[in-house]
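Novice: Here is a sequence with its predicted model. Questions after.
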Amino acid sequence: MRIQGAPEPFSLASQELFQESKREYKAGLDATLPNNRFMRNRRGLGGTGDYHLDAWQLWYVREVARHMDRCDSLPGQVNTRLVDSLFAGSQYSIEPDTGDPGLDLELWSRHDAWARNKRACDWKGERTLAQLQWMLKCQMIMDGDIFGTLNDDGTVEVVEGDRCVSPAGAWKPGMACGVEVVGGKRVAFWFAKSQPLGPWGSADDVERREIYLSNGLQVAFQCYGTHRVSQNRGYSWCHPVMVEAGMLDDLDFAMIVKAQSAAAISGTIEANPSAGGPGYGGANAALGAETSRVGADGATRTEIAVKPGTYVELPGGKKLSGYSPSIPNPEHIEHVKYQLRKLGGALNMPYVALMLDASETNFSGFRGAMDVVRQSWRRIQRDHIEQFVSPVWQWRAMRELPSLGAAAMKRYKAGTLLNHRVRPPRWKYIQPLQDAQADALVIGERLDSPRSVCAERGVDFDDVARVSALQRPIQV
C-alpha cells in the first residue's frame, strides 16, 4: 500500500542514473573505487615501507633534492634556515648522571674537550662536534638520511646516504637498500668504500659495518625520519613539494622574460606612405636582425631578433602597438605565496619565518605560527638526540672507562655509568617580560610544577634551584 503524496519509487533506470551520479561525483564509499580520479593514478600500493623505497627511486630523488638545494632559489635557503632554527644558535648540552658528582664532572670535561677539538672528534679533522651536527641535520633533511661510524681511533666518520648500498650480485633476504635487517631488527649497514655513481655498489667495494658490538654498545648510526615502522631508509623532506618548488623557479624566470619583453618595446613610429622621403622605412623595415630558417615541413620562416634601444620606422599602413603589462601581476604574487606556504609546510617552516616577512599578519599571528611550529622542532630535536647525541656520548664514556679509575668501574658494574640527560637548544621568549610573567603566574597559581615549566623552556630545574639558593639579596 502506497501513502498518498509519497514520491514514486525509483525505477530501474532512475536507480542506475543515481548510481552513475554517485560515481561521477565520488560520493560516499564510491570514493575508494579504482576509477576514482584520486585513486587511479596511485601506483605500488601495498607492501612494507622498504618496498616503496626501491634503490633507484631513493637515488633519483636524493640527487634531484641535492640539485635543487644548490641551484634553485629557495629550497637550499629554507633548509639552512630550518637547521639554524633547530639549533637556535646553541648546541646540545649533555649532563652526566652516574650518581657520582665528581665522576660526572670528569666525564663532562673530557667530552667537552674532545667535542671542541676538530682533529680529535671529526674523522676529516675539519669540524667540531657542534659543526658536525649542524651538517648532519642539514644533509639529512636534503637527502632523507645520513649515516656514520664511531671509529676505533676516537673519531666520528660521516657517511652520505648514497654510500649505504646493497652489494650488486650479493643480495640476500633482509637487505633494504644497504640496511641489513634480521628478524625485523637492523643489525648492520653496508657502505661503499668509494662514492658510487648509482644505487648499487660492486661486491668487492662494499664493506659491512655492525651497528652494535657484542656488549650492546652502538658504533654506527643513521639519522633519518620515517612514518612507517617497516621503513629502514629515509626520504628527502623536499620530495612532496619538488614539483611546486621547481615550478616556482620556472614562474619567476617567466616573469623576468615577460618584464624584459615589455622593456624592449616601448613605442613605434609609423611612417606616412604618401609623404615618402628619407623618413619612410619602406616595405622591408624590421624590428631587428632577420634570420631565415627552414622548418620540418619545408617552409621558410623569418625570425626577428628584438633588442632594447632599437629605433624602428614601420611601413605605411602598418602599426605595432607597445604593451606594458602588470609585472608581476597580483595573481602571480598570490600564487607564489601559496607555493611558498606549501614549501614551508613540508619543511616545518611557517611563512613568516621562511620569508622573514610578517607584513601579512599581526604579532599574535606571528607568535601563534611560531608556537605551533616549535612543537615539530622539538620532535625533530628528540629524534636527533636518540639517533646521534646519546649514542656518541655513550660510546665516548666507554672509551674513557679504562682511564677513569675504580669509581667509574663501580658505576659501570652498577649500570649507571652511561646514564645522562640531554638538554636540546631552546628558543628565547618571544615577549620576554610577558612570557616570564606568564610562567610566574602558572607556578604561583599551581597550574603546573616549576620543574615542568623549566623543562618546557629547556632549562634544568635543579640548576635553577641551586643557583637561586646561592644568590644573596643585592645591597643598594
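Specialist: Sure, I can see it.
Novice: How about the secondary structure of residue 422?
Specialist: With DSSP: H, G, I helix; E, B strand; the rest coil as the basis, the three-state label of residue 422 is strand.
Novice: What about the nearest residue to it once chain neighbours are set aside, how many residues nearby?
Specialist: Distances taken as CB to CB, 6 or more residues apart in numbering put residue 385 closest to residue 422, at 4.8 Å, once the chain neighbours are dropped. In short, each C-beta sits where N, CA and C put it, glycine included. Here the number of neighbours of residue 385 (other CB atoms under 10 Å) works out to 18.
Novice: I'd guessed residue 385 sits against residue 424; true?
Specialist: Yes. Counting by CB atoms under 8 Å, a contact exists between residue 385 and residue 424, whose distance comes to 6.5 Å.
Novice: Spit out the residues that contact these two alike.
Specialist: Listed as contacting both residue 385 and residue 424 by CB atoms under 8 Å, 6 or more residues apart in numbering are residue 92.
Novice: Would you tell me what helix or strand residue 360 is located in?
Specialist: Residue 360 is part of no helix or strand, with elements assigned from DSSP states H and E.
Novice: surely residue 138 meets residue 83?
Specialist: Yes. Because the distance of 4.7 Å satisfies CB under 8 Å, residue 138 is recorded as touching residue 83.
Novice: where along the stretch 151-300 of the chain do the strands fall?
Specialist: Assigned by DSSP state E, counting those that start in this stretch, the stretch 151-300 of the chain shows strands spanning 156-160, 175-176, 179-182, 185-192, 206-210, 220-224, 269-270, 288-294, 300-306.
Novice: Out of these, which one sits most buried?
Specialist: Comparing the strands of the stretch 151-300 of the chain by mean neighbour count (mean count of other CB atoms under 10 Å), strand 220-224 ranks first with a mean of 22.
Novice: Contacts for that strand, please.
Specialist: Here strand 220-224 makes contact (CB under 8 Å, 6+ apart) with 136-137, 140, 144-150, 164, 179, 188-189, 209-211, 233-234, 383-384, 387-388, 391-392.
Novice: Separate out the buried members of those residues.
Specialist: 136-137, 140, 144-150, 164, 179, 188-189, 209, 211, 233-234, 383-384, 387-388, 391-392 (16 or more other CB atoms under 10 Å).
Novice: In helices, which of these appear?
Specialist: Among those, the residues falling in helices (DSSP state H) are 136, 137, 140, 383, 384, 391, 392.
Novice: Look up how far residue 376 lies from the first one.
Specialist: Put plainly, it is residue 136. Between residue 136 and residue 376 the distance is 18 Å, computed by CB to CB, to the nearest Å.
Novice: Okay, residue 464 and residue 373: tell me how far apart.
Specialist: Counting by CB to CB, the gap from residue 464 to residue 373 is 26 Å.
Novice: Give me the helix or strand of this structure that scores worst on average pLDDT.
Specialist: Among the secondary structure pieces of the chain, namely its helices and strands, strand 269-270 has the lowest mean (mean pLDDT, DSSP states H and E), a mean of 56.
Novice: Let's have the ones in helices among the buried ones among the contacts of strand 220-224 in JSON lines, adding distance to residue 353 and pLDDT.
Specialist: Listed next are these as JSON lines, based on distance: CB to CB, whole Å; pLDDT from 0 to 100:
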{"residue": "136", "distance to residue 353": "22", "pLDDT": "93"}
{"residue": "137", "distance to residue 353": "17", "pLDDT": "93"}
{"residue": "140", "distance to residue 353": "20", "pLDDT": "94"}
{"residue": "383", "distance to residue 353": "20", "pLDDT": "93"}
{"residue": "384", "distance to residue 353": "19", "pLDDT": "94"}
{"residue": "391", "distance to residue 353": "30", "pLDDT": "95"}
{"residue": "392", "distance to residue 353": "29", "pLDDT": "96"}
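Novice: residue contacts, the closest residue to residue 174 other than its chain neighbours?
Specialist: In space, residue 174 comes closest to residue 181 once its chain neighbours are excluded; the distance is 4.5 Å by CB to CB, 6+ apart. Contact analysis of residue 181 by CB under 8 Å, 6+ apart lists 174, 175, 187, 232.
Novice: do you know how far residue 377 is from residue 409?
Specialist: Counting by CB to CB, the separation of residue 377 from residue 409 is 39 Å.
Novice: Kindly report the same for residue 390.
Specialist: Between residue 390 and residue 409 the computed distance is 22 Å (CB to CB).
Novice: Looking only at neighbour counts, state which of the two leads.
Specialist: A side-by-side neighbour count of residue 390 and residue 409, using other CB under 10 Å, places residue 390 first with 19 against 13.
Novice: I'd assumed residue 422 was in contact with that one.
Specialist: Yes. Using CB under 8 Å as the test, residue 390 is close enough to residue 422 to be in contact (6.4 Å).
Novice: quick one, which of residue 464 and residue 373 is more surrounded?
Specialist: It is residue 373, of residue 464 and residue 373, that has more neighbours when counted by other CB under 10 Å, with 19 against 15.
Novice: Low-confidence ranges, the stretch 201-350 of the chain, go.
Specialist: Low-confidence regions of the stretch 201-350 of the chain, defined by pLDDT under 70, span residues 201-203, 263-288, 306-328.
Novice: Please apply the same query to the stretch 1-150 of the chain.
Specialist: Checking the stretch 1-150 of the chain against pLDDT under 70 turns up 1-45.
Novice: so where do the helices sit in it?
Specialist: With DSSP state H, counting those that start in this stretch, the ranges of helices along the stretch 1-150 of the chain come out as 12-25, 49-52, 55-71, 75-87, 101-116, 118-121, 129-143.
Novice: Using PDB, write down the CA coordinates of the last one.
Specialist: Coordinates of the C-alpha atoms in helix 129-143 are reproduced here as PDB (Å, rounded to 0.1, in the frame of the first residue of the first chain):
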ATOM      1  CA  LEU A 129      81.100  18.200  17.100                       C
ATOM      2  CA  ALA A 130      78.600  21.100  17.100                       C
ATOM      3  CA  GLN A 131      79.500  21.900  13.500                       C
ATOM      4  CA  LEU A 132      79.300  18.200  12.500                       C
ATOM      5  CA  GLN A 133      75.800  18.000  14.000                       C
ATOM      6  CA  TRP A 134      74.700  21.000  12.000                       C
ATOM      7  CA  MET A 135      76.000  19.500   8.800                       C
ATOM      8  CA  LEU A 136      74.400  16.100   9.700                       C
ATOM      9  CA  LYS A 137      70.900  17.700  10.200                       C
ATOM     10  CA  CYS A 138      71.200  19.800   7.100                       C
ATOM     11  CA  GLN A 139      72.100  16.900   4.800                       C
ATOM     12  CA  MET A 140      69.600  14.600   6.400                       C
ATOM     13  CA  ILE A 141      66.700  16.900   5.500                       C
ATOM     14  CA  MET A 142      68.000  17.300   2.000                       C
ATOM     15  CA  ASP A 143      69.000  13.600   1.300                       C
END
